[in-house]
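> Predicted structure and sequence below. I'll ask about it afterward.
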Amino acid sequence: MAHSNYLLLCAMSTILHVPMIPPTPTMIPPTPTSPFYKQTVASSSSPKPSPWIRHLCHGRGRRRRETVACTLLTNVFLIIIVVGNFWFMMDLIQTNSKRIELLKEQEIDEVEQRFKKKLELERSKQVHHNDMDSMTSKKIDENAFSSNEWMIKAVSSKDEAQIYINNNLVLDSRVSGASNEEGRGLYVAVISAKSGRVVQFEKFDTYAIGPDERLVTFLRNTQRGRIVAFAVRDEASFHLGDEARHELMNLGSVRIAQLEWRDTWAMVAQIGNSLQTVDKLGHKPGLDTWGDRIEVEAVFTKSGEEVVCTWDDTVESKKRRSFCSKYDGYGNICACDDPISLAIGDSNPTVIFPSLETTPTLIVASSKRPKYLLRAILSILRAQGAQRKNLLISIDGKDDTDEAVDVCRLLDLQVIVHNPQSSKAGKISQHYKFALSKSFSLFPNAEYLIVMEEDLDASVDFYKYFATTLPVLQNDNTLYCISAWNDQGYVHSSFDSQKLYRVETMPGLGWMLSRKLFKEELEPQWPGADKLWDWDMWMRNNAIRKERECIIPDISRTFHFGASGLNVNDYFQKLYFETHNLNKDANVEVDISHMTAAKYDKYLDEYILDALVLNEAYVIEKSDSNPCGVSIPKATPPSTKFVLYMKMDHHDDFETWKHLAKCWKLWDLDVRGFHKGVWRFYLEERPMVVVGTPFSPFSHHKPKHITPLLIHKES
């Protein structure tokens, strides 16, 4: 660039007869062979006029005075030309800059313009609609819609979110009396285009982490032809991710991409018809304020059918149509294209696992989470060896007309209904007692029972796992249960689908118990309705457990997906359950050869003796990159086993373990998953054993010169 600039200056000097200073190294690279360089250096000592000026002004017969005047005027003229060209170039650059900015603005508004053009086209075909401006900024006249139309209005502001159907208020966020924080978020109502009935309602607190993922699922499962109204109360942008915004844009939103902190936004749309979408955005004037109260209104033609799908005229399709007309949000059941069969689980009625032929599976469910229930049912029916006749669902609801009950009837499954008693944890506890008791009554030949909940997925080898481990439960009276869940079984901490552990805690979340245990021990002393206790915490109490243990897998056979419930929310689900591992290998064979009490302790002795001790050389200074202060040798083979001895003076001394569990991102809310002061899991893909010393009987393997790791509470 410097070289080209210098050549330009040389050319101007030649024309204008201006002496040039020889180039310096900072101007251009030294090129003594350059003809321009040589010419300029030579001319700098005795400048001469350019040849064409000499010809014009120094011809024969010219007087000296005329020659000087001619040369001066010519140079002035050339200067004017050069200056003019300079300003012309500057104007051209500014013009191009404006064009670039205009192109950027056009690119930013591309989505909005596209939908506006579609709306323009649609307006010419729809006599009942006003133009877009009147729909977003003016109220629709009450007489502007006929008996064949629905007028839907959504209202958003700092303190309220409201939705109206034909001027009748059907949703008001203020009714619950919740504070802004509790009532904060995006309110969505799904409305039947035939009856005007709200068939589904949900609130998504997209200020917090997690709910935007549920919003995506919600929208994708909403039936074609339904009207959907959206209203914001307080704040809904902070964790509204790109995927959720894109789904809303697919519905026709032209404003959602610009929704920012504390803006207000509202939209009315129809699934499958983005041309009728209307949305509006209210920007906040400052960071400490909220957007203005806004309203959007739109008119939709009433539909002649609740369900617009053209399914075959079969008994199953009629049953499906009846269900999908009444409810919404069941995308895989109510999909127009290739919905799942209602006879799922009947394709192979052969009993694959004879030991489970008389063993029922109970799903304990709330009436408030019917879509969770459907997901749990489908995952169980897809598992190898599933038997529909052995599946029982217990619903905690007021009557047998609940949506959750209709889900069970749609799939022709056995269902019982429990009239709720007590409150909070006590309510769930009473339902569990009822469901367990009823299960053993309805299946009199069952000696064992598998217990599930409506927010759990089952692995493909769910029944194979229980069929394989059942003989150990039958023959070892030191066992309390078989569980499909590993509290420490995260994606980064569990790698062996064949491996089993014995633990003193009762994990639940997909477990098997015996009739003998329930009828002789648990049922007679089950907490009453006046006790607001968690049933599983009660069962973990050693006064009830009596030193017995449960068998668990390294990789869980269930997955907890529920993000709403008494003890869980979106954030909790994301933090503690979302990264749990679930086995996907249908052909795996778990190893039960050493799972009786005596064999397991002998196996663990040999296992620890064969492990590489991590204390001393591998216990390092704690840092941000290594908060536990324990380093795993990188050069060791993946099969290398490690043991870490930590300080543990008595059974309830968990101070060091709690710190280790937290920084290794394991379960750290309470202490679970141990056997006689020993925890087993994977660390950096290597098998790991942590031994509490001196409490654990396995701590005698510690070399004498080793000091157990101690992490104080204040550190």
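Perfect, I can see it now. Numbering: from 1, shown residues only.
> Who is the residue nearest to I152 when sequence neighbours are not counted paired with across the strands?
Spatial nearest neighbour of I152, excluding adjacent residues (Cβ to Cβ, 6 or more residues apart in numbering): V268 at 4.8 Å. Glycine gets a C-beta too; all of them are placed from N, C-alpha and C. Using DSSP bridges, the bridge partners assigned to V268 are A229, V278.
> how near is V268 to S173?
17 Å (Cβ to Cβ, to the nearest Å).
> swap in S639?
Separation of S639 from S173 (Cβ to Cβ) stands at 57 Å.
> Of those two, which one has the most company?
Neighbour totals were compared for S639 and S173, and S173 leads with 25 against 7 (other Cβ atoms under 10 Å).
> Spit out the contact partners of H701.
Counting by Cβ atoms under 8 Å, 6 or more residues apart in numbering, H701 makes contact with D605, I608, L609, V643, V691.
> before we move on, what about L381?
Residues near L381 by Cβ under 8 Å, 6+ apart: I344, G345, R388, L391, L411.
> Doesn't it lie inside a strand?
No - counting by DSSP: H, G, I helix; E, B strand; the rest coil, one finds L381 to be helix, located in no strand.
> pLDDT value on H129, please?
At H129, the pLDDT value in this model is 32.
> and what of T401?
Note on T401: pLDDT of 69.
> if we can go back for a sec, now list the buried members of the contacts of H701.
Buried by 16 or more other Cβ atoms under 10 Å: I608, V643, V691, out of the contacts of H701.
> how about the residues you listed in TSV, adding distance to Y480 and pLDDT?
Output for these, formatted as TSV (distance: Cβ to Cβ, whole Å; pLDDT from 0 to 100):
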residue	distance to Y480	pLDDT
I608	24	97
V643	27	95
V691	23	98
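> Just the ones of those residues in helices?
I608 (DSSP state H).
> quick one on the thing from earlier: turn the contacts of L381 into TSV, columns for neighbour count and secondary structure.
TSV is the format used below for these (neighbours: other Cβ atoms under 10 Å; DSSP: H, G, I helix; E, B strand; the rest coil):
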residue	neighbour count	secondary structure
I344	14	coil
G345	19	coil
R388	17	helix
L391	22	strand
L411	22	coil
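> Switch the residues you listed over to TSV, and while doing so, append distance to D292 to every line.
Below are the contacts of L381 laid out as TSV (distance: Cβ to Cβ, whole Å):
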residue	distance to D292
I344	50
G345	53
R388	55
L391	53
L411	48
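> low pLDDT regions in the chain?
For the chain, residues meeting the criterion pLDDT under 70 lie at 1-71, 73-78, 81-146, 176-180, 346-351, 400-401, 617-627, 713-715.
> most centrally placed residue in the protein?
The centroid of the chain falls nearest to E213 when counting by Cα atoms, centre = their mean (4.4 Å).
> Over to it. Which of the three states is it?
Reduced to three states with three-state DSSP, the structure at E213 is helix.
> so how far is I632 from it?
In this view, E213 and I632 are 33 Å apart by Cβ to Cβ.
> And the residue nearest to I152, how far from Q223?
In terms of Cβ to Cβ, V268 sits 17 Å off from Q223.
> can you check E202 too?
Per Cβ to Cβ, E202 is found 15 Å from Q223.
> Neighbour count for the two, which is higher?
Taking other Cβ under 10 Å, E202 and Q223 do not tie; Q223 has more neighbours (26 against 16).
> wait, doesn't S514 sit right on L473?
Yes - S514 is within contact range of L473, at 7.0 Å (criterion: Cβ atoms under 8 Å).
> shared neighbours, the two?
Residues touching both S514 and L473 by Cβ under 8 Å, 6+ apart: Y448.
> May I have stretch 658-667 as CSV, with CA atoms only?
C-alpha atoms of stretch 658-667 as CSV (Å, rounded to 0.1, in the frame of the first residue of the first chain):
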residue,chain,number,x,y,z
LYS,A,658,-19.4,-33.4,50.9
HIS,A,659,-16.6,-31.2,49.6
LEU,A,660,-15.4,-33.9,47.2
ALA,A,661,-18.9,-34.6,45.9
LYS,A,662,-19.5,-30.9,45.2
CYS,A,663,-16.3,-30.2,43.3
TRP,A,664,-16.5,-33.5,41.4
LYS,A,665,-20.1,-32.5,40.5
LEU,A,666,-21.7,-35.6,42.1
TRP,A,667,-24.9,-35.6,44.2
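> Start at 56, not 1
Got it, first residue is 56 now, which makes that one stretch 713-722.
> What are the buried residues along it?
H714, L715, A716, C718, W719, L721, W722.
> got the contact list for the last one?
Residues touching W722, when contacts are defined by Cβ under 8 Å, 6+ apart, comprise D542, Q543, Y631, A716, G728.
> What count of nearby residues applies to the last one?
So the one you mean is G728. Neighbourhood size, G728 [other Cβ under 10 Å]: 22.
> Distance of it relative to D625?
Taking Cβ to Cβ as the measure, G728 falls 25 Å from D625.
> How about the first one?
When distance is defined by Cβ to Cβ, D542 is 20 Å away from D625.
> Who has more neighbours out of those two?
D542 (25 against 21).
> Against R741, how distant is the more buried one?
Distance from D542 to R741, by Cβ to Cβ: 20 Å.
> Tell me which stretches of the stretch 656-770 of the chain form helices.
For the stretch 656-770 of the chain, the helices defined by DSSP state H, counting those that start in this stretch occupy 710-718.
> Tell me where it has strands.
Under the criterion DSSP state E, counting those that start in this stretch, strands of the stretch 656-770 of the chain are mapped to 667-668, 697-703, 729-730, 733-738, 741-749.
> which other helices and strands contact the first one?
Just to be clear, that refers to strand 667-668. Packed against strand 667-668 by the contact rule (3 or more Cβ pairs under 8 Å, 6 or more residues apart in numbering; DSSP states H and E) you find strand 697-703.
> Mind listing residues that contact the strand it packs on?
Defining contact as Cβ under 8 Å, 6+ apart, one finds that strand 697-703 is touched by 663, 666-670, 685, 687, 708-712, 715, 732, 738, 741-751, 754, 756-757, 761, 763-766.
> Please pick the buried ones from those.
Buried positions within the contacts of strand 697-703, assessed by neighbour count (16+ other Cβ under 10 Å), are 663, 666, 668-670, 685, 687, 709, 711-712, 715, 732, 738, 741-751, 754, 756-757, 763-764, 766.
> ok so, going back, mind putting the contacts of W722 in CSV, distance to F293 included?
Below are those laid out as CSV (distance: Cβ to Cβ, whole Å):
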residue, distance to F293
D542, 31
Q543, 32
Y631, 22
A716, 30
G728, 35
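> Closest to S211 out of those residues?
Nearest to S211, judged by Cβ to Cβ, of the contacts of W722 is Y631 at 32.8 Å.
> Contacts only, for the closest one.
By Cβ under 8 Å, 6+ apart, the contact set of Y631 is W722, L724.
> one more time with 10 Å, if that's ok
When contacts are counted by Cβ atoms under 10 Å, 6 or more residues apart in numbering, Y631 touches D542, Y545, H615, V623, K720, L721, W722, D723, L724.
> Phi first, then psi, for the third one.
In other words, H615. With angles defined as degrees, to the nearest 10, H615 sits at phi -90, psi 110.
> Excluding chain neighbours, what is closest to it?
Of all residues not flanking H615 in the chain, F632 sits nearest, at 4.3 Å (Cβ to Cβ, 6+ apart).
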